[in-house]
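*Asks:* this one's sequence-less:
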């Protein structure tokens, strides 16, 4: 489950920021995940509870914002919504889509005290 590694990476960022910003603990973590990023939100929530235990983000709420997939279809020259990689263009049925949005994950915001 790569969600565990993703949460460990988020925890590394949080610990680094704790050193820089000198906060006591984290109350809320806001994360953006793209629909095409192959991250399971439920698995991420479970992994977060495990990784956060005993650290500055223990009991912190994890808020997940899902970003839809979007791409540029080279066949019909349109920006289209992409539900899954490999799916045809919903407009023309072509398969020449360049993904432009929705394949990343970003630690967007921390609420700290």
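*Replies:* Nice, I can see it. Here the structure is a predicted model, which means the values were calculated and not measured.
*Asks:* Point to the residue nearest the middle of the protein.
*Replies:* Closest residue to the average C-alpha location of the chain: residue 33 at 2.4 Å, with Cα atoms, centre = their mean.
*Asks:* so which strand or helix has it?
*Replies:* In this structure, residue 33 sits in strand 26-34 according to DSSP states H and E.
*Asks:* in this structure, which spans are helices?
*Replies:* Using DSSP state H, the helices of the chain run over 2-21, 41-52.
*Asks:* any idea which of these is most buried?
*Replies:* With neighbours taken as mean count of other Cβ atoms under 10 Å, the helices of the chain reach their highest mean count in helix 41-52, at a mean of 16. Yep, even glycine has a C-beta here, placed from its N, CA and C like the rest.
*Asks:* other SSEs contacting that helix?
*Replies:* With contacts defined as 3 or more Cβ pairs under 8 Å, 6 or more residues apart in numbering; DSSP states H and E, helix 41-52 has these neighbours: helix 2-21, strand 26-34, strand 61-67.
*Asks:* Can you say which of these is nearest to residue 106?
*Replies:* Closest of the helices and strands packed on helix 41-52 to residue 106 is strand 26-34, at 4.6 Å (criterion: Cβ to Cβ).
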